[in-house]
Structures are given as C-alpha cells and as structure tokens.
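K.L.:
Just need the structure, nothing else, for what follows:
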Amino acid sequence: MSKGPIGIFDSGIGGTSIFKEIHALLPNENFIYLADSKNAPYGNRSKEEIIRLSIKNTEFLIAKGCKIIVVACNTATTNAIDYLRENYPIPFIGIEPAIKTAALNTQTKSVGILATKGTLSSHLFHKTTDLYANGIKVIEQVGEGIVPLIESGKLNSTEMKLLLDTYIKPMLEQNIDYLVLGCTHYPYLIPILAEMLPNDVKIIDSGLAIAKQTQLILSNLNLLDDATLEPTTQLFSNGDVSVLKSIIEDKFEVSYLDF
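P.N.:
Numbering: from 1, shown residues only. I've put the predicted structure just below:
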C-alpha cells in the first residue's frame with residue numbers, strides 16, 4: 001500500500017493549492033488529483049448533492065489504488081467527510097477554515113472569513129467557531145462568484161478585483177487583523193488580496209497544516225513511500241483542462257476525464 005498514490009479531490013482546480021503544499025513536503029509520493037470542475041462550485045449545492053459528488057470522486061480515486069484521500073475542498077469536508085469515513089476503509093484528510101489560529105492570535109478581536117455558503121452554513125464550521133472564537137467578532141462573507149471566475153480562467157481579471165473589493169471593504173471597516181481563506185480556490189487570490197489589505201492584516205490558509213497532517217497520518221500508518229521508484233503525478237479534470245494546466249507546472253501530466 002505504501003506505493004499507492006495520495007488521492008486528492010476538489011470541486012475544481014482550487015485543491016491544487018493543497019496538492020502543491022503536500023507535493024513539496026512529500027516529493028517521493030505518487031499523486032492523483034481529481035478536479036470536478038464540471039460540478040463546481042459545490043458551495044451552493046445541498047448537503048445531499050455534495051455527499052453524492054464526494055462519493056463519486058472517492059470511488060474513482062479508490063479504483064486508482066489510492067492509499068489515502070485528501071478532501072481538498074472545504075465544502076465537501078464540512079458536509080461529506082463524516083459519511084466518507086464511515087463508509088470507506090481508507091484514511092481521509094479534511095480541510096476546514098483556520099479560524100482557530102485567527103481567533104487565538106487576533107489583537108483587534110475582529111477577524112474576517114471568506115468562504116463558500118456551504119462551508120459557512122455547516123455544523124462543523126459553527127462548532128469550531130463556537131469553540132475557539134468566544135468573545136471574537138467573526139465577520140463571515142460568502143465568496144459568491146469567486147470560484148466560477150477562477151474556474152473560467154479569470155483569476156486576475158478586473159471583474160475579480162471589483163468583486164473582492166466589495167467583500168473586503170466591509171471587513172476592514174470592522175477592524176479585522178486576520179483574514180481566513182475558507183476555500184481551497186482562494187489561496188490563488190493572495191497576490192490580489194495582499195494589494196488590497198493593509199500590512200497589519202494577515203492572511204491565513206490551511207495548506208501547509210494539511211500537508212503536515214497528511215505526512216503524520218501516513219507515517220503513523222507506515223504508508224510513507226520509500227521512493228525506490230520514480231514518483232508519478234496525474235491530474236484529471238472534467239472541465240476546461242487548459243485552466244488546470246495554467247496553474248500547474250509543465251512537468252505534471254494533465255488529462256481530460258469524461259466523469
């Protein structure tokens with residue numbers, strides 16, 4: 001099983017931000033990444049739809065021999081990971097907004113979170129917020145429209161910048177000193193957000209923490225690859241492959257999947 005790939009899925013290309021962190025930490029591992037861009041975004045879908053799509057993605061990756069699956073989607077994690085863990089016999093790594101880090105470190109007692117509707121309305125998000133953000137003002141903003149723009153190759157468009165401006169300004173008016181990115185697509189916005197935010201507002205995403213958690217779980221289960229063979233990485237998308245290729249290094253194989 002140690003030679004099996006690390007499977008990663010997301011509702012599109014956003015989870016590549018997680019893939020890059022894990023690949024950098026574990027370069028000897030094999031990887032399979034599945035971008036369900038045809039069904040993006042997940043954030044506006046019902047819990048039942050999200051579970052159904054997560055099952056489909058999981059069964060594809062298991063059929064490919066994956067030894068562990070990273071649910072590189074905040075919405076799928078908060079809505080489906082409990083079901084996946086109960087029904088499939090391999091380990092799952094989930095993603096959730098790093099609200100704990102922001103709440104424990106804020107000086108202004110005001111933090112912003114930019115996330116999908118599916119994440120912000122989930123039981124897991126509210127449980128985490130209630131646990132760690134008592135006495136902290138949490139300004140929640142649904143990032144409506146962001147994922148479709150990224151998925152259509154308009155990451156650096158004027159349209160994106162204007163949209164983000166409408167989301168960020170109200171947070172700054174409430175004196176946030178941390179901005180939590182609650183969707184794996186959103187780390188690709190960091191260069192744009194850095195220009196909008198004052199220097200004293202810190203941006204937090206979960207990428208490195210997820211990579212370290214993946215390494216820990218594989219180590220505990222004796223599933224780390226000893227790298228006696230050249231590692232391989234395959235990326236699949238059921239949407240516009242050119243968008244996925246545009247944010248991935250040329251050395252990685254990207255294929256269209258009718259899925």
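K.L.:
what is the mean pLDDT for stretch 215-233?
P.N.:
Mean pLDDT, computed over stretch 215-233, is 90.
K.L.:
What pLDDT does the model give A133?
P.N.:
91.
K.L.:
contacting residues for it?
P.N.:
By CB atoms under 8 Å, 6 or more residues apart in numbering, A133 lies in contact with 99, 103, 111. C-betas here are computed from N, CA, C, even on glycine.
K.L.:
again with P231
P.N.:
27-31, 225.
K.L.:
Specify the local secondary structure of L114.
P.N.:
When classified by DSSP: H, G, I helix; E, B strand; the rest coil, L114 comes out as strand.
K.L.:
Show me what it is bridged to.
P.N.:
For L114, the beta-bridge partners under DSSP bridges are Q141, L181.
K.L.:
any idea how far it lies from L193?
P.N.:
Per CB to CB, to the nearest Å, L114 is found 9 Å from L193.
K.L.:
So which of the two has more stuff around it?
P.N.:
L114 (26 against 19; other CB atoms under 10 Å).
K.L.:
Report the separation between that one and H185.
P.N.:
Using CB to CB, L114 is found at 10 Å from H185.
K.L.:
what does D177 give?
P.N.:
Using CB to CB, we find D177 at a distance of 23 Å from H185.
K.L.:
Between these two, tell me which one has more neighbours.
P.N.:
Taking neighbours as other CB under 10 Å, D177 and H185 compare with H185 leading, 29 against 18.
K.L.:
Contact partners for the closest residue to the more buried one other than its chain neighbours?
P.N.:
Distance criterion CB to CB, 6 or more residues apart in numbering; nearest residue to H185, sequence neighbours excluded, is G14 at 3.0 Å. By CB under 8 Å, 6+ apart, the residues touching G14 are 72-73, 147, 150, 183-188.
K.L.:
same question, I68
P.N.:
I68 touches 6-7, 90-93, 214, 217-218, 223, counting by CB under 8 Å, 6+ apart.
K.L.:
Which strand residues bridge it?
P.N.:
Beta-bridge partners, per DSSP bridges, of I68: I6.
K.L.:
for the contacts of I68, which one is nearest S122?
P.N.:
F92 (16.2 Å; CB to CB).
K.L.:
pLDDT score assigned to the closest one?
P.N.:
What the model reports for F92 is a pLDDT of 98.
K.L.:
partner residues bridging it?
P.N.:
Beta-bridge partners, per DSSP bridges, of F92: I69.
K.L.:
Quick check: it touching A80?
P.N.:
No. Counting by CB atoms under 8 Å, F92 does not reach A80; the two are 9.5 Å apart.
K.L.:
Specify which residue of the two has the higher count of neighbours.
P.N.:
A80 (26 against 19).
K.L.:
shared neighbours of F92 and A80, anything?
P.N.:
V71.
K.L.:
burial of V241, as a residue count?
P.N.:
Neighbours around V241, by other CB under 10 Å: 17.
K.L.:
Give me the nearest residue to it, chain neighbours excluded.
P.N.:
Per CB to CB, 6+ apart, closest to V241 is Y256, 4.9 Å.
K.L.:
Next, V111: phi, psi?
P.N.:
Phi and psi for V111, reported as degrees, to the nearest 10, are phi -130, psi 150.
K.L.:
who are the neighbours in contact with it?
P.N.:
99, 102-103, 133, 136-139, 176-180.
K.L.:
Could you dump these into TSV with distance to E159 and secondary structure added?
P.N.:
Shown next, in TSV, are the contacts of V111 (distance: CB to CB, whole Å; DSSP: H, G, I helix; E, B strand; the rest coil):
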residue	distance to E159	secondary structure
I99	28	helix
A102	28	helix
A103	32	helix
A133	32	coil
I136	32	coil
K137	30	strand
V138	27	strand
I139	23	strand
I176	24	coil
D177	28	coil
Y178	26	strand
L179	20	strand
V180	23	strand
